[in-house]
Each structure stands twice: as structure tokens, then as C-alpha cells.
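Asks: Model the following, please.
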Amino acid sequence: MGDTLITVIAIVLAAVLMFVFPLMTMSDRTDDVSQLSVQTATTDFVDDVRTTGKLSLEKYNSFVQTLAATGNSYDVEMEVDVLDENPGKKTTQAESKKIGENVYYTMYTSQILDTIDPIGGTPKTLALKEGDFFSANVRNTNSTLSQQLKNFFYKVTGNDTYTIAAEHAGIVTANGAGN
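Replies: Got it, this is the predicted structure:
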């Protein structure tokens, strides 16, 4: 009876070593490749908007399709800090011709999407100007195979855990309204 129990335990252990750990390793590599793809796509998207000064529905949809090609679902958050220049003159002894203080106001994802894709209207382009800030933050919303396996074997819990995320931001270097 003791030899049979040891044999069964050895078979189960061999099955785990032969199938489960390689599956976990491969799923981790898949997440690594997805992470790299998402980071690259996010950087390219933000840099394209920054250098052209324009954000169109076509650019956004292309970005979302690139993300979806990884086989995961993502939450995309965008933010534009628009430079609202105060045209008032500021008189100081050091710089008598200096323009007044610059103030930024912020547009978030829903406002940006409403601007580039109005309900019942034709898609528009959001024109940014030099000095504005643009940022994008991406996180996966689905549970990947790697996350599921880790949760099963290691009892890792938490609804806010994500394994694939990317963010990129920068200052706009071109006026989009002039082109």
C-alpha cells in the first residue's frame, strides 16, 4: 500500500513538473511579449500626437487595434494639459515685455473622445499647440493565463492586479492647427 501511494504521488509530481511549470513559464513569456508590444505602441502613439500636434479618431482607433492584437483587453486613459496663455502684460523691472502667467487646463479621456468623435457628428481632429502636454496610460483589464495560474497556485488575490501596463507622456512640439 505504501509503494502505491508513493507511486501516485510521484506521478502527480511528475505531471506538475512536466506540464504545469512549462505552461506557467510560457504564459509569463507571453505576458512579457504583450508588455513590450503595449509599451512600444503607447510610446509610438504619444510621440506621434506630440510631434504632429494632432489627435484624430483614426489615430486613436489604430492605437486601440494595435493593443487588441495582443489578445488582451485594455483600459486606455488619455490626458491633455492645454496651455491657456494669459495675454495680459506683466510689468516687472526685470522683464517688462513678459507675457502673464501661463495656466493649464486638463481634458481627460471622455472629453477627448467626445471632441474627436462627437455623437451624431463627423469625426474631428483635436488640434494641440506647442507647449501642451499629452499623456496616455494603458492597463490590461482581463485576467491573463499567467495571472490565472499564479492565482491558482500561489493564491495571489486582488482585483486591482494587472500585469500589462504602459504609460508615456510628453510636451507637444508642433502646432496642430496650422497644418
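Asks: In this protein, which residue is most central in space?
Replies: Val138 (1.9 Å; CA atoms, centre = their mean).
Asks: where's it relative to Val172, distance?
Replies: Distance, Val138 to Val172, using CB to CB, to the nearest Å: 20 Å. C-betas here are computed from N, CA, C, even on glycine.
Asks: re earlier: pretty sure the residue nearest to the centre of the chain belongs to a helix, no?
Replies: No: looking at Val138 with DSSP: H, G, I helix; E, B strand; the rest coil, it is strand, so not inside a helix.
Asks: low pLDDT regions in this protein?
Replies: Scanning the chain for pLDDT under 70 picks out 1, 85-101, 155-161, 178-179.
Asks: buried sites along the longest helix that it contains?
Replies: Ranked by number of residues, the top helix in the chain under DSSP state H is helix 21-52. By 16 or more other CB atoms under 10 Å, the buried positions in helix 21-52 come out as 24, 27-28, 30-31, 34-35, 37-39, 41-42, 45-46, 49-50, 52.
Asks: cool, stretch 60-79 as well?
Replies: 60, 63, 66-67, 70, 72, 74, 76, 78-79.
Asks: and of the residues you listed, the nearest to Phe19?
Replies: For the buried residues of stretch 60-79, the minimum distance to Phe19 (CB to CB) is 23.6 Å, reached by Asn72.
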